[in-house]
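> sequence first, then the predicted structure, then my questions.
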Amino acid sequence: MSSDSILYSPYTLPCGITARNRLVKAAMEENMSSLGNVPGESLYSLYRYWAHGNLGMVITGNVMVDKSAMTGPGGVALEKDTDIAPFQKWAKIIKSNGALAIMQINHPGRQVFKAMKGKAIAPSAVPLDMGKHSKLFAQPREMTCQDIHDVCKRFVQTAKQAEKAGFDGVEIHAAHGYLLTQFLSPLTNQRQDEWGGSIINRARLLINIVSQVRAVCAKDFIVMVKLNSADFQKNGFSFDDACEVVNRLEALGVDVVELSGGSYEAPAMQGQTRDNTTLAREAYFLEFAQALVSKTEIPLMTTGGIKRAEVAEEVIEQGCALVGLASALAITPDLAKKWQQEWTYSGIIPHCAWKDKSLASLANMAMVRRQLRRLGNNLTTLRDPSPLWSLVLDMLHRKKMTKRDVG
């Protein structure tokens, strides 16, 4: 009986909170905020589907800690003075059927589109290398120590606001090439001060944020960290670096580390790398998680390309505490329920096979976001969306959102 699977067994986190099962809706970027960069009806409708999909935990799409530094148009931001009423409603919807509500909090650093006219900052002034698409991104400026302390304070304030709004915890985003990853990677962090050089120095900002969030939030508030297993770029953040960071996080009582990988430059989270590393067809980062399980007491979660119950079950059997589902839940939001009814049911993850990897990566994300918008409008999802048409629709949506947000 599929309901007897370990996937559907409860799991108690180190802080004492229990998730009803091991299946987690991982973060996806939606670009669906209401005016003012707060959650509204579209996001409420979307999250209702996941709330009633028999998941143990639902992690939001990334919420920015600084409204002037957004990953894209139509993003959500939560600052010290933001009205928390829309966030309270969001948390209530997510928790309405028993799932835990986790807010992913983030800062894009240099991964800011030029059209957003926002703040592009980074540990060092190293621009994104996206080939001919590089011009789409802003040139970052090197952060001062004051900038670094400001970012740390913002993460802590956003976590406190999330707790006030009724979320069960936060996930601090230190993966996918965003600001905290930029500090961790020697390719993007070329500083000569206490924030650069050794992995201990490069991890200092993340460690400071985690320890301060732990200090200001309740003991049973869940603190998760999303971490790259590697950059998948030559001479970048390595698996040994990841092990060292996890070792430091363990001492701070982190509840879960979600292992992912890659960045805009090397989108390993979509199965593509730059250093010729071969990733599995499903559960891309399971091999890294297996290698880390014996080195840490922190419960691990891995996300990346999972669409079948047997693969999800293998992730747990190989030592992970939780398994993250992302793109497959964009097309089949009740996938966890479907597996209970039919164990062999396979979810769908749209895939674009264009030769231009950067463009293919954008098309993959566009196909997923198209499904999210359909769910937000209470429309059925498409099993086989056109990559080209999805990209066109996504560009039109982003243009409309940029005009709204930037003016």
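Good, I have the coordinates.

> what is the burial count for residue 389?
Other residues within reach of residue 389, judged by other C-beta atoms under 10 Å, total 14. Just so you know, the C-beta spots here come from the backbone N, C-alpha and C atoms, and that holds for glycine as well.

> shouldn't it be within a helix?
Yes: membership of residue 389 in a helix is supported by DSSP: H, G, I helix; E, B strand; the rest coil.

> distance of it from residue 349?
Separation of residue 389 from residue 349 (C-beta to C-beta, to the nearest Å): 18 Å.

> kindly report the same for residue 79.
Relative to residue 349, and taking C-beta to C-beta, residue 79 is found at 34 Å.

> in terms of neighbours, single out the busier of these two.
residue 349 (22 against 15).

> give me the spatial nearest neighbour of the more buried one, chain neighbours excluded.
residue 327 (4.5 Å; C-beta to C-beta, 6 or more residues apart in numbering).

> and residue 58, what helix or strand is that in?
strand 57-59 (DSSP states H and E).

> tell me the mean pLDDT for that strand?
Taken as a whole, strand 57-59 has a mean pLDDT of 98.

> likewise stretch 155-175?
On average, stretch 155-175 scores 97.

> can you check stretch 380-390 too?
Here the average pLDDT along stretch 380-390 is 94.

> centre of the chain to the helix or strand just after the strand holding residue 58, how far?
Toward the C-terminus, strand 57-59 is succeeded by strand 63-64 as the next helix or strand (DSSP H and E). Relative to its chain's centre, strand 63-64 lies at 10 Å (C-alpha atoms, centre = their mean, to the nearest Å).

> name the helices or strands packed onto strand 63-64?
Using 3 or more C-beta pairs under 8 Å, 6 or more residues apart in numbering; DSSP states H and E, the elements in contact with strand 63-64 are strand 76-77, strand 100-106.

> rerun that using 10 Å as the cut-off
strand 76-77, strand 100-106, helix 145-164, strand 169-174 (3 or more C-beta pairs under 10 Å, 6 or more residues apart in numbering; DSSP states H and E).

> so residue 358 is in contact with residue 132, correct?
Yes: Residue 358 is within contact range of residue 132, at 8.1 Å (criterion: C-beta atoms under 10 Å).

> looking at these two, which one has more neighbours?
Counted by other C-beta under 10 Å, residue 358 and residue 132 do not tie: residue 358 has more neighbours, with 18 against 9.

> quick check: that one vs residue 129, distance?
10 Å.

> I'd guessed residue 34 sits against residue 40; true?
Yes: using C-beta under 10 Å, residue 34 is in contact with residue 40, at 2.7 Å.

> so what sits against both of these two?
76, 86 (C-beta atoms under 10 Å, 6 or more residues apart in numbering).

> number of nearby residues for residue 120?
22.

> so what's it closest to, chain neighbours aside?
residue 138 (3.7 Å).
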